[in-house]
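Enquirer: this one's structure only:
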Ligand SMILES: [Ca+2]
Ligand SMILES: [Ca+2]
Ligand SMILES: [Mg+2]
Ligand SMILES: [Mg+2]
Ligand code: NI
């Protein structure tokens, strides 16, 4: 237990301790923070309680989590254990030091959050059988909904890293070519009429692999740092016209929103289901068909080099369901007219505490005047 | 004319002056260089001849060209004019200073080249009608070769930035799922059997645009910094199995090779054709259907934010043909078995000089043992 009081329904329990990048009015330099209850722990303010190696490698001067992500499993474990100790009710170093508490613990509503990582590449998968069938039916009809390759490999596409934005960033309705009617053969240019969201989990890559050398399945767990909520905004009418044969492009590149706090796999691991469901049946269709580890291994199997901070999207989770081997309940308020806020939340719950993701929000702005 | 002698068939004439990032044995810090004939001019060694603003913004401490790319057209013009002056036979500052010449001019065969930019995002287009028809026929048969959208917009897909490598980097034959025969319905896993190259021009983005605000056609010319040769390595058998419906993924992400010297649009502009061919007929099929400007504008039309150093590929140029509105002759030695070097070259020629791109090479390594 922590000496900091945490409400039972808080996303940020002592068992969670997600990482984020924040700044304050009095210190506008982005730096590493840890969420606990309604507080943010400024890691730089307590860095003397970490080992000099961790401070040098992962804390000092870091304005993103990339260095920590790249440092690998032993560093992640040491970092988390140190935080557990600092925040424990059995440890005096922060608890009994009023001056340090005043400078290191900041009310969550007083911080400005920033993107947690510099994202070198962003990839989105498509690993919910339910969602793949639904979208496939919309674009290709019922008989061609699920492609022959879908059950053999995690289908994915490279996305646009520059337009991954933080929760709270307004997203403008995109314009593009769309077919004005189902029977039209010539497109018109104008604002997207079928703006959609996709509720997904995004995960951040750890140390990564060298160019030309793939990641093995047994190493995959040590290559995944943590997860965020993700809204893969999608322009369905633009997508339908553009996506054959090279996949979605402008239908996706106008914005992808992620939640600011990265929940570590260490925090999620107590919730992990014992088995990876390999075969989808009616009894477990609620799980994602492909796991993050499988997605990562597939991505690198060609020798494609993954880098610390690369973001991979799970693929859409349809409705309030669980993510793959991690039973995370996700929710969304499902409106997205101009001016609406699309709000996503999600958490794992059990054993008397919650490991939650906070919010992933975005307001829909009207299309740009052309 | 320059006081430095340049062979008539050199790619790097005084009219070219391409930019690259290089280092030397005696100074391993990557820094900006300019190629002229068989020499590389170390820009940091002559920085006192540039304006203090340019030095501060684009030269000092720069290990990539991103800052220069982001500085925009006025800075590009001033930078190039300064170089033209420094290297001119009418200017004494470098020509008549033996000490400075000895430190600032390095034999091209003594430098190590590096990636010219930190590439935030890499996008590949598909803008040769000839190539689109050929590949389309291979994957979907003659009747569905060219999709209805192809003539309406420049079809493209987001690629993998992490695996863009410099000319000379060996590329390993990727492994993946492939269908073992034309009639097979179940894939096997193994080394790619249909490794292919695609000879393209890549162009680098300049200052870019804000998230949510598209680039207008009249501003596009000021948003394109320069060009390189590009080999978009492709695994056709992996692609054929994986690409429906989200486009090529592992078939492309194992490597994209670019030439090290970025030829500026200023150097290419004297060769620019007066008209952008809008309609492709048998008389001008040799041109790319979509121009770099059109590709860039299309990419950002949704509000997708482009960043300095983003790399955009033209799409494959079939055979020895010209690139869009820039009549660049490109050549390739067309073998790619294990151990082979795939070598691409290209140049614009006229008015008594050549504006060339140097070489884009890559050796094919055998597949990784699994
Ligand atoms: Ca998605
Ligand atoms: Ca290509
Ligand atoms: Mg998106
Ligand atoms: Mg490629
Ligand atoms: Ni990318």
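Expert: The structure has been received and is ready for your questions. The model shown is predicted, which means the values in this text are computed figures rather than measured ones. Ligands and ions are numbered 1, 2, ... in the order given.
Enquirer: in contact with residue A:194, which residues?
Expert: Contacts for residue A:194 (C-beta atoms under 8 Å, 6 or more residues apart in numbering or on different chains) come out as A:235-237. Quick note: C-beta positions are derived from backbone N, CA and C, even for glycine.
Enquirer: which of the residues you listed has the most neighbours?
Expert: Counting neighbours by other C-beta atoms under 10 Å in any protein chain shown, residue A:235 leads the contacts of residue A:194 with 28 neighbours.
Enquirer: which ones are touching whichever residue of chain A sits closest to ligand 3?
Expert: For chain A and ligand 3, the shortest gap (C-beta to the ion) falls at residue A:256, measuring 3.4 Å. Taking C-beta under 8 Å, 6+ apart, we find residue A:256 in contact with A:122, A:124, A:159-160, A:163-165, A:230-233, A:313.
Enquirer: and which of the contacts of residue A:194 is nearest chain B?
Expert: residue A:235 (7.2 Å; C-beta to the nearest C-beta).
Enquirer: beta partners for the residue of chain A closest to ligand 3?
Expert: In this entry, residue A:256 is beta-bridged to residue A:164, residue A:232, by DSSP bridges.
Enquirer: with the flanking residues excluded, which residue is spatially nearest to residue A:41?
Expert: residue A:34 (4.4 Å; C-beta to C-beta, 6 or more residues apart in numbering or on different chains).
Enquirer: is that neighbour within a helix or a strand, and which one?
Expert: Taking DSSP states H and E as the criterion, residue A:34 maps to strand A:31-36.
Enquirer: toward the C-terminus, what is the element adjacent to that strand?
Expert: Using DSSP H and E, the helix or strand that follows strand A:31-36 in sequence is strand A:39-42.
Enquirer: quick one: low-confidence residue ranges for chain A.
Expert: A:274-288, A:318-325, A:334, A:370 (pLDDT under 70).
Enquirer: 80 instead, please
Expert: A:130, A:273-289, A:318-327, A:334-336, A:370 (pLDDT under 80).
Enquirer: tell me the residues of it that contact ligand 1?
Expert: A:124, A:198, A:232 (C-beta under 5 Å from the ion).
Enquirer: one more time with 8 Å
Expert: In this structure, chain A approaches ligand 1 at residues A:124-126, A:198, A:200, A:232, A:234, A:252, A:313, A:315-316, judged by C-beta under 8 Å from the ion.
Enquirer: helix, strand or coil for residue A:295?
Expert: Secondary structure, DSSP: H, G, I helix; E, B strand; the rest coil: residue A:295 is helix.
Enquirer: with residue A:61 instead?
Expert: Strictly by three-state DSSP, residue A:61 counts as coil.
Enquirer: tell me, how many residues neighbour it?
Expert: 9.
Enquirer: any idea how far it lies from residue A:55?
Expert: Note on residue A:61: its distance to residue A:55, by C-beta to C-beta, to the nearest Å, is 10 Å.
Enquirer: what does residue A:92 give?
Expert: Taking C-beta to C-beta as the measure, residue A:92 falls 21 Å from residue A:55.
Enquirer: give me the more crowded residue out of those two.
Expert: residue A:55 (15 against 10).
Enquirer: ok, that one - contacts?
Expert: Taking C-beta under 8 Å, 6+ apart, one finds residue A:47 in contact with residue A:55.
Enquirer: same deal with residue A:347?
Expert: Residues in contact with residue A:347 (C-beta under 8 Å, 6+ apart) are A:11, A:328-329, A:354-357.
Enquirer: name the nearest residue to it, ignoring sequence neighbours.
Expert: Using C-beta to C-beta, 6+ apart, the nearest residue to residue A:347 is residue A:356, at 3.4 Å.
Enquirer: any idea how far the one you found lies from residue A:13?
Expert: 8 Å.
Enquirer: ok, now residue A:313?
Expert: Separation of residue A:313 from residue A:13 (C-beta to C-beta): 25 Å.
Enquirer: thinking residue A:120 is in contact with residue B:163, fair?
Expert: No: counting by C-beta atoms under 8 Å, residue A:120 sits too far from residue B:163 to count as a contact (10.6 Å).
Enquirer: circling back to that earlier point, so the residue nearest to residue A:41 is in contact with residue A:84, correct?
Expert: No: Residue A:34 is beyond contact range of residue A:84, at 10.4 Å (criterion: C-beta under 8 Å).
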